[in-house]
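S.K.: I'll drop the sequence and a predicted model, then ask my questions.
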Amino acid sequence: MKRRTPTSRAEPGQRQLRVAERIRHILSAVLRRGELHDPALAQASLITITAVEIGPDLKHATAYVMPLGGKNADEIVHALNRASGYFRSEIGPELDLRYAPKVSFRFDHSFENAAHIEGILRQERVQKDVHAPARDDEDDQDDER
């Protein structure tokens with residue numbers, strides 16, 4: 001029997017994905033209502049919940065957020081984490097789970113990563129490789145014979 005190492009992760013199951021997506025919608029709705037009184041979250045409607053990951057026990061969730069334009073990201077993430085108890089109290093009644101998951105918030109770096117990759121793909125030396133004439137695999141096979 002193969003043992004999983006602590007660093008290995010199994011793919012999330014269908015239930016995990018469904019619950020995570022439901023949490024994402026609930027968090028977005030809470031932010032849209034604007035009921036949070038934290039000054040750092042005054043512009044909470046301009047925060048996007050890009051993704052939610054939830055553990056296999058459905059007790060811990062991580063929400064990835066992106067403020068509009070990426071401004072004050074650290075301050076906003078910190079404020080969201082301070083309000084995690086409020087979010088948990090809003091999520092609980094909406095989900096059909098025994099325990100309301102504890103939610104922690106993190107800044108979503110995927111947009112920065114995508115912009116970095118886009119910049120690399122636009123470099124001249126990469127463009128030469130992208131637009132190079134395709135090699136004919138049949139010619140290569142004939143040479144080997």
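M.R.: All right, it came through fine. Remember, predicted model here, so these are calculated numbers, not experimental data.
S.K.: now do the strands in the protein.
M.R.: With strands called from DSSP state E, the chain shows them at 47-54, 60-67, 102-107.
S.K.: lowest-pLDDT helix or strand in the protein?
M.R.: Least confident helix or strand, the chain: helix 137-144 with a mean of 54, by mean pLDDT, DSSP states H and E.
S.K.: in terms of pLDDT, where does the spatially most central residue of the chain sit?
M.R.: Geometric centre of the chain, nearest residue: A51, 3.7 Å, by C-alpha atoms, centre = their mean. You'll see A51 listed with a pLDDT of 93.
S.K.: show me what contacts it?
M.R.: When contacts are counted by C-beta atoms under 8 Å, 6 or more residues apart in numbering, A51 is found next to 20, 24, 63-64, 108. Heads up, the C-betas are built off the backbone N, CA and C, glycines and all.
S.K.: tell me how far it lies from I120.
M.R.: 23 Å (C-beta to C-beta, to the nearest Å).
S.K.: likewise A40?
M.R.: In terms of C-beta to C-beta, A40 sits 34 Å off from I120.
S.K.: give me the neighbour count for the residue nearest to Y86 when sequence neighbours are not counted.
M.R.: Excluding the flanking residues, the one nearest Y86 by C-beta to C-beta, 6 or more residues apart in numbering is L36, at 7.1 Å. By other C-beta atoms under 10 Å, the residues close to L36 number 18.
S.K.: for the one 10 residues further on, same thing?
M.R.: The local packing count at L46 equals 14, with neighbours defined by other C-beta under 10 Å.
S.K.: pLDDT at the residue nearest to it when sequence neighbours are not counted, what is it?
M.R.: Of all residues not flanking L46 in the chain, L68 sits nearest, at 3.9 Å (C-beta to C-beta, 6+ apart). Looking at L68, its pLDDT is 79.
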